[in-house]
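**Q** Need coordinates for the following:
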Amino acid sequence: MCTLDPNNTIDGDVRVHAAALRYLLKVADLGSIRRAADALNVAASAVNRQILNLEHEVGTPLFDRTAKGVRPTDAGRLLIRHARETLSGYAHVMAEINGLAGEHVGEVGLIGLASAIETLLPPAMVELARDYPGIDLRLVEADPAQAVAGLKAQNFELAILFVDRRNHEFQMLAQLDTAIGAVMRSDHPLARRQSVTLTECAEHDVVMFTDRWMIAPIMEAEFGRTGARFRPRIVSNSMVVMAAAVRSGIGIGFFTPLGFIDEIRRGDVVHIPIAPALAGAGGLGLFAARGAPLSPPVRVVADHFADVFARLQTELDGLQG
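**A** Numbering: from 1, shown residues only. Coordinates of the predicted model:
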């Protein structure tokens, strides 16, 4: 059983709420004391000593040591959660204090879909770097499921996700009305259609993302009825690979128009709505964890992305009109 000495609570709190928490989180994230030490640019013995001190403080092991690395114990998971909340709370308070002086300093983590990050990031990044040099961005491209998990675990303050019923637990800060459609070269046999079904697309070569989160429900329902199925020429989790495959005519892809705005504008590529429309899909949204306070830097980044969303909406409406 894990017990704490009640006569040593203040002293223990002082030690726990210190650099040791950062070491603890890095070990937990990387699953290895050695890799954590490399990432922190300190000796592995120093990291191990901090972990041992914490284990002595709480009176129980925090990690199970194995030949392949370390794995948190039940007590370790509790302390890891406490560490994340503590460091996040401290960063939030410091950001609020800096905000009182008109300064915005801090790191903002954003995770999102590859096409959205690649399209939305450049203008927002330029504006933020110019207007708020004290704000650092940590950006990660991910598939939908990974992005949802990252925001749910509060490893990121913001996320760009599809707007659908699966994300109702988050608060939406901005929305971009767009939809997944069939993206193909303008010389494709289906390119002049007003809409296409997945069954019609299955008669041609396609390229597919590894994660088919958004189109999986309609695929299952429609293909179960028609007997069709996709035979992808290429399957990848890379938006760069998928975009190149569509542009080169290897196959039809299934995306929002975001990653192909320039090609659509030039007339090289077309984006055709899928019939029937994807149930529950309402474009892309900028989300934060519901109930989580937004620090001044997070609010600044959210406001900038909301402006970018609005400008891009005008662009998309013009292309689709």
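**Q** Name the residues linked to L284 by a beta bridge.
**A** Note on L284: beta-bridge partners by DSSP bridges are F162, L176.
**Q** so who does it touch?
**A** L113, A116, I160, L161, F162, V163, Q175, L176, T178, T256, L258, F309 (Cβ atoms under 8 Å, 6 or more residues apart in numbering). For the C-beta atoms, the positions are set from N, CA and C on the backbone; glycine is no exception.
**Q** For my notes, please list those in TSV and give distance to Y23 and neighbour count for each entry.
**A** As requested, the contacts of L284 are exported to TSV (distance: Cβ to Cβ, whole Å; neighbours: other Cβ atoms under 10 Å):
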residue	distance to Y23	neighbour count
L113	33	28
A116	34	27
I160	31	27
L161	32	23
F162	36	24
V163	39	20
Q175	40	17
L176	40	24
T178	43	24
T256	41	24
L258	40	22
F309	38	22
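**Q** Find the residue at the geometric middle of the chain.
**A** Computing the C-alpha centroid of the chain and ranking residues by Cα atoms, centre = their mean puts I111 first, at 2.4 Å.
**Q** quick check, that residue in a strand?
**A** Yes: per DSSP: H, G, I helix; E, B strand; the rest coil, I111 lies within a strand segment.
**Q** What separation do you get for it and S295?
**A** 17 Å (Cβ to Cβ, to the nearest Å).
**Q** Just give me the closest of the contacts of L284 to A19.
**A** Nearest to A19 among the contacts of L284, counting by Cβ to Cβ, is I160 at 32.7 Å.
**Q** Now do the one helix or strand that closest one maps to: everything it contacts.
**A** Element membership for I160, per DSSP states H and E: strand 158-162. Defining contact as Cβ under 8 Å, 6+ apart, one finds that strand 158-162 is touched by 108-113, 116-117, 120, 144, 147-148, 150-151, 167, 170, 173, 213-214, 281-288, 298, 301-302, 305.
**Q** Buried ones from those, can you make that a PyMOL selection?
**A** A single PyMOL command selects the buried members of the contacts of strand 158-162 (16 or more other Cβ atoms under 10 Å):
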select buried, resi 108+109+110+111+112+113+116+117+120+144+147+148+150+151+167+170+173+214+281+282+283+284+285+286+287+288+298+301+302+305
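**Q** where does this protein have low pLDDT?
**A** For the chain, the stretches with pLDDT under 70 are 1-18, 91-103, 213-214, 277-282, 320-321.
**Q** Show me how it divides into domains.
**A** 6-86, 104-177+282-320, 181-273 (automatic domain parsing).
**Q** mind checking how far the shortest one is from the chain centre?
**A** Centroid separation between domain 6-86 and its chain, computed with Cα atoms, centre = their mean, to the nearest Å, is 26 Å.
**Q** what's the spacing between stretch 261-270 and its chain's center?
**A** Taking the mean of its C-alpha atoms, stretch 261-270 sits 27 Å from the chain's own mean (Cα atoms, centre = their mean).
**Q** do the same with stretch 229-241
**A** Stretch 229-241 has its average C-alpha position 21 Å from the chain's average C-alpha position, going by Cα atoms, centre = their mean.
**Q** First-to-last residue distance for it?
**A** In stretch 229-241, first residue to last residue: 22 Å (Cα to Cα, to the nearest Å).
**Q** same check, this time on stretch 243-258
**A** Note: stretch 243-258 ends 11 Å apart using Cα to Cα.
**Q** Buried residues, it. List them.
**A** Along stretch 243-258, these residues count as buried under the neighbour rule (16+ other Cβ under 10 Å): 243, 245-247, 250-258.
**Q** Output those residues as JSON lines; include the columns distance to D187 and secondary structure.
**A** What follows is these, written out as JSON lines (distance: Cβ to Cβ, whole Å; DSSP: H, G, I helix; E, B strand; the rest coil):
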{"residue": "A243", "distance to D187": "17", "secondary structure": "helix"}
{"residue": "A245", "distance to D187": "15", "secondary structure": "helix"}
{"residue": "V246", "distance to D187": "12", "secondary structure": "helix"}
{"residue": "R247", "distance to D187": "12", "secondary structure": "helix"}
{"residue": "I250", "distance to D187": "13", "secondary structure": "coil"}
{"residue": "G251", "distance to D187": "14", "secondary structure": "coil"}
{"residue": "I252", "distance to D187": "13", "secondary structure": "strand"}
{"residue": "G253", "distance to D187": "15", "secondary structure": "strand"}
{"residue": "F254", "distance to D187": "19", "secondary structure": "strand"}
{"residue": "F255", "distance to D187": "19", "secondary structure": "strand"}
{"residue": "T256", "distance to D187": "22", "secondary structure": "coil"}
{"residue": "P257", "distance to D187": "18", "secondary structure": "helix"}
{"residue": "L258", "distance to D187": "22", "secondary structure": "helix"}
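**Q** Looking at those, spot the one nearest L139.
**A** Nearest to L139 among the buried residues of stretch 243-258 is L258, at 15.7 Å by Cβ to Cβ.
**Q** The closest one and F223, how far apart?
**A** 26 Å.
**Q** With G69 instead?
**A** 42 Å.
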